[in-house]
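> Dropping a prediction and its sequence here:
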Amino acid sequence: MESFEQLRRITLAKQGLLSEVEPDDGLQATKLVIEHLGYVQIDTLSVVERAHNHVLWSRVPSYNPDYLNQLITEQSIFEYWYHAAAYLPMQDYRYALIQMNSIRNGENRYFQSTQTKMMKDVLAQVRSEGPLRLRDIDKKGGSEGSWWSYGPGKRAVENLFMRGELMVCKRNGMEKVYDLPERCLPSSLDVSTPSLSEYAEYLFNTTKRAHGVFNWKQLVHLRPGKPLRETMRQLLNDHIQAGDITVVKHGKGKELYVDTQTFEQPIACKNQVKILSPFDNLVIHRERLSELFGFDYKIECYVAQDKRKYGYFCLPILFGDQLVGRVDCKAHRSEQRFEVLSLHLEDLKFDREEFFSLLIKELEKFAGFNGCPILDKKVVDKSYRKQLALSA
């Protein structure tokens, strides 16, 4: 359907995946991308470069992982929770207070406070001794590991973080360093708690700005509570009536909501290949992904090995305005070798000759980003020969 081609291009343009940011100032570009997307999810899996770095590299060619610590030090971004652990723009800090306050009030069953004394002790230690790593938690009495070995110290720190009483002030690799919010937040920052309507407007505007095309589930993704949903529904209806949101119906009465301003504008889309993270903002909402791209995606690292279809860490492949396949890769960093383990293409019409040429170039760049100058592409070469034989 022609309109769906336009919808795909709108969301790709809004996601910053149709054109790359100029590499003149990679640090500033990284800051702008995080502010535009609203969040970048943090993930610890390192089969290939970790998700937060992968997502930013896909949009900022000159991206350097050190930028995140620099931006935290500059108080331009912070770590907290969006629908998962994430880097967020500092300008949006007040909207995180909603969840922080709910946890402080005991409304979140995952972060019930059962280590009150330990939490007080940890805060006292940070106040008197400065930033804290989990490995630095007090080991009074000389027992090896003490709090760390048994877990309550770690849980106390995590609770304090989720309550907003500690913040991550930097990372050493994936090791977090914590400090007090008053040492991490800009003095001029608005830290007033937003009203329910302000919070709904923030979620709506973030989704509209970063995606351009969205569904109802995406607007309220993992946001509990009937009051928020009712407020969001009214807000959405108001935007529809005002004409700045267009409703597109598809399937069995399903609706997609589109930024009207971009709906009628032609969007150019050159044929380029991008290998995306499983946690990329484009693909994280699986139902909308299927509706827009006809791409049913599931990361299989959480699936039993004998039930995997595409591989442990299969990455979606974007070609032009279509998701045309997935590639399973592994960075063997000690060998400086980047291995393509499997390649699966969708049954779609696209120029396979051009695709394979661009795919090799993208894999070479991605391998370099992973610190692996050697690209093991035997699987890709085999797939290319097979495609040539099929088209002969």
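Nice, I can see it.

> can you pull out the strands in this structure?
Here the chain has its strands, by DSSP state E, at 40-41, 77-81, 85-89, 132-133, 167-172, 175-179, 213-214, 245-250, 254-259, 273-275, 314-319, 322-332, 337-345, 374-376.

> how far is the longest one from where the chain is centred?
Here strand 322-332 shows a centroid-to-chain-centroid distance of 17 Å under the convention C-alpha atoms, centre = their mean, to the nearest Å.

> Also stretch 178-193?
Centre-to-centre, stretch 178-193 and its host chain are 23 Å apart (C-alpha atoms, centre = their mean).

> what bridges to R337?
H332, I374 (DSSP bridges).

> my bad, should have said N172
E175.

> Would you tell me which one of the strands of the chain is buried the most?
strand 213-214 (a mean of 26; mean count of other C-beta atoms under 10 Å). The way it works is simple: take the backbone N, C-alpha and C, and place the C-beta from them, glycine included.

> what packs against it?
Using 3 or more C-beta pairs under 8 Å, 6 or more residues apart in numbering; DSSP states H and E, the elements in contact with strand 213-214 are helix 2-14, strand 254-259, helix 286-293.

> if we compare these, which one ends up closest to E346?
Closest of the helices and strands packed on strand 213-214 to E346 is helix 286-293, at 9.4 Å (criterion: C-beta to C-beta).

> Pull out the buried positions in that closest one.
Within helix 286-293, the residues that count as buried by 16 or more other C-beta atoms under 10 Å are R288, L289, E291, L292, F293.

> With distance to G151 and pLDDT as extra columns, can I get these in CSV?
Below are those laid out as CSV (distance: C-beta to C-beta, whole Å; pLDDT from 0 to 100):
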residue, distance to G151, pLDDT
R288, 37, 92
L289, 36, 94
E291, 42, 92
L292, 42, 94
F293, 42, 95
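
> Adding distance to R308, write these out as JSON lines.
Listed next are the buried residues of helix 286-293 as JSON lines, based on distance: C-beta to C-beta, whole Å:
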{"residue": "R288", "distance to R308": "24"}
{"residue": "L289", "distance to R308": "19"}
{"residue": "E291", "distance to R308": "25"}
{"residue": "L292", "distance to R308": "25"}
{"residue": "F293", "distance to R308": "22"}
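
> wait, N69 sits on K170?
Yes: under the criterion of C-beta atoms under 8 Å, N69 makes contact with K170 at 5.0 Å.

> Quick check: the gap between S334 and L315.
21 Å (C-beta to C-beta, to the nearest Å).

> T44 now?
For T44 relative to L315 (C-beta to C-beta), the value is 17 Å.

> Give me the mean pLDDT for stretch 222-240.
Averaged across stretch 222-240, the pLDDT comes to 94.

> do the same with stretch 104-120
Averaging pLDDT along stretch 104-120 yields 79.

> Next, format the strands of the chain as JSON lines and append mean pLDDT.
Formatted as JSON lines, these follow (pLDDT from 0 to 100):
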{"stretch": "strand 40-41", "mean pLDDT": "98"}
{"stretch": "strand 77-81", "mean pLDDT": "97"}
{"stretch": "strand 85-89", "mean pLDDT": "97"}
{"stretch": "strand 132-133", "mean pLDDT": "91"}
{"stretch": "strand 167-172", "mean pLDDT": "94"}
{"stretch": "strand 175-179", "mean pLDDT": "95"}
{"stretch": "strand 213-214", "mean pLDDT": "96"}
{"stretch": "strand 245-250", "mean pLDDT": "93"}
{"stretch": "strand 254-259", "mean pLDDT": "94"}
{"stretch": "strand 273-275", "mean pLDDT": "97"}
{"stretch": "strand 314-319", "mean pLDDT": "97"}
{"stretch": "strand 322-332", "mean pLDDT": "97"}
{"stretch": "strand 337-345", "mean pLDDT": "97"}
{"stretch": "strand 374-376", "mean pLDDT": "97"}
